[in-house]
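Asks: Generate a structure from the sequence data that follows.
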Amino acid sequence: MRAIIYNEFGGPEVLTYGHTDKPAPAPGEVRVKVVTVGINPLDYKRRYGWVEEFYPTTFPAVPGLEFAGVVDALGDGVTEFAVGDEVFGWTRTGAYAEYALAGDIVRKPAELSFAAAATLPVAGETAQRVLDELGLKSGETLLLHAAAGAVGQVAVQLAVALGATVIGTASPANHDFLRALGAVPVAYGEGLADRVREAAPQGIDAVFDAAGHDALPVSIELRGGTTDRIVTIADPNAADHGVPFSAGGTPPEVVRAGLAAQARLAVEGRLTVPVAETFSLAEAAKAQELSEAGHVRGKLIIEI
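Replies: Below is the predicted model:
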């Protein structure tokens, strides 16, 4: 099968477009013919070896966590799915490939496109997990760094639906977009603390850092010097600041329930992550470069 493979840590140049063996499903496993793949910042961070503590790599490696596709083969004992089912979710073997063994997956609603489905698993699970870890409640104020990114967009929509006020950091070009989602946008950079205080004179109850880039010191300042109720998914040096790094651990049944719930919201038009750009599998390195450069509004996807 065609796949993107890398055999060492490094920049985009370590990604090779070639062929590898098609994975065979073991008992209890499902193989999926991949249709679309979601690109995530974690893809290039794993490629560099920056998050080995949380996501250890075995070479040769195929990048990619999330996908949408069609069930192609079943291992012994699988009764929940049938060949031909349209599904989306997480993969165990890497998503940048024609075929992948499924991790946590659910059926894709017929009304939801493969492209739209591939935008949801990582962003949806991550956003909901961190909001739960923060214990965000209706009436509270959330500071969300990188609010216009894929995870940030979903977190904005989920937090607003909860009844929270969201102060979202983003470049000025994304401010109207964030207002349309229900957030109060502020520009990042020098003077951020003062801009946040002006936008939220009531104070900040919780901070969701999806940006990294030294967002934690100002977050701690805005929380009155405490690290309580601050969570990052983007700063590998979080421990140096006494802030937890959220890297998963959600029970599989909770992940699947969340995927199904978010798919329903997407079908109803209450949750959306726009596709920013679409790439072919052979363009995976280019897609990761764009992801690494940042400032992408929405989701980058690969069509197999």
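
Asks: which one is residue 155 nearest to, not counting chain neighbours?
Replies: Leaving aside its sequence neighbours, residue 155 sits nearest to residue 127 (Cβ to Cβ, 6 or more residues apart in numbering; 3.9 Å). Yep, even glycine has a C-beta here, placed from its N, CA and C like the rest.

Asks: Surely the one you found is within a helix?
Replies: Yes - when DSSP: H, G, I helix; E, B strand; the rest coil is applied, residue 127 is found to be in a helix.

Asks: so what's it up against?
Replies: Listed by Cβ atoms under 8 Å, 6 or more residues apart in numbering, the contact partners of residue 127 are 151-152, 154-155, 158.

Asks: again with residue 290
Replies: Counting by Cβ under 8 Å, 6+ apart, residue 290 has contacts 277, 296, 300.

Asks: Just confirm the last one is within a helix.
Replies: What it means is residue 300. No - looking at residue 300 with three-state DSSP, it is strand, so not inside a helix.

Asks: Give the burial count for it, as a bare number.
Replies: Residue 300: 22 surrounding residues under other Cβ atoms under 10 Å.

Asks: still on that earlier bit, just give me the closest of the contacts of residue 290 to residue 193.
Replies: Of all these, residue 193 sits closest to residue 296, with 25.7 Å by Cβ to Cβ.

Asks: Tell me the secondary structure at that closest one.
Replies: Per three-state DSSP, residue 296 ends up coil.

Asks: Can you check what pLDDT the model gives it?
Replies: The confidence metric pLDDT takes the value 78 at residue 296.

Asks: Could you check how many residues crowd around it?
Replies: Residue 296 has 18 nearby residues by other Cβ under 10 Å.

Asks: Residue 80: which of the contacts of residue 127 is nearest?
Replies: residue 154 (25.9 Å).

Asks: That closest one and residue 258, how far apart?
Replies: Note on residue 154: its distance to residue 258, by Cβ to Cβ, to the nearest Å, is 11 Å.

Asks: And the strands in the protein?
Replies: 2-5, 16-19, 30-38, 66-74, 86-91, 99-107, 141-145, 165-170, 184-187, 206-209, 230-232, 275-280, 299-303 (DSSP state E).

Asks: and the fourth one, which strands flank it?
Replies: In its sheet, strand 66-74 lies beside strand 30-38 (antiparallel), strand 86-91 (antiparallel), with partners assigned from DSSP bridges.

Asks: which residues make contact with it from outside it?
Replies: With Cβ under 8 Å, 6+ apart, strand 66-74 has contacts from 24-25, 29-38, 40, 81-91, 95, 99-100, 102, 108, 114-115, 117-118, 120-122, 304.

Asks: Swap in 7 Å and give it another go.
Replies: 25, 30-38, 81-88, 90-91, 95, 99-100, 108, 114, 117-118, 121-122 (Cβ atoms under 7 Å, 6 or more residues apart in numbering).

Asks: thinking again about what came up before, identify whichever of the strands of the chain lies nearest to residue 57.
Replies: Here strand 2-5 is closest among the strands of the chain (Cβ to Cβ), at 12.1 Å.

Asks: neighbours around the closest residue to residue 250 other than its chain neighbours, how many?
Replies: Once flanking residues are discounted, residue 250 sits nearest to residue 129: 5.4 Å by Cβ to Cβ, 6+ apart. Using other Cβ under 10 Å, residue 129 has 20 other residues around it.
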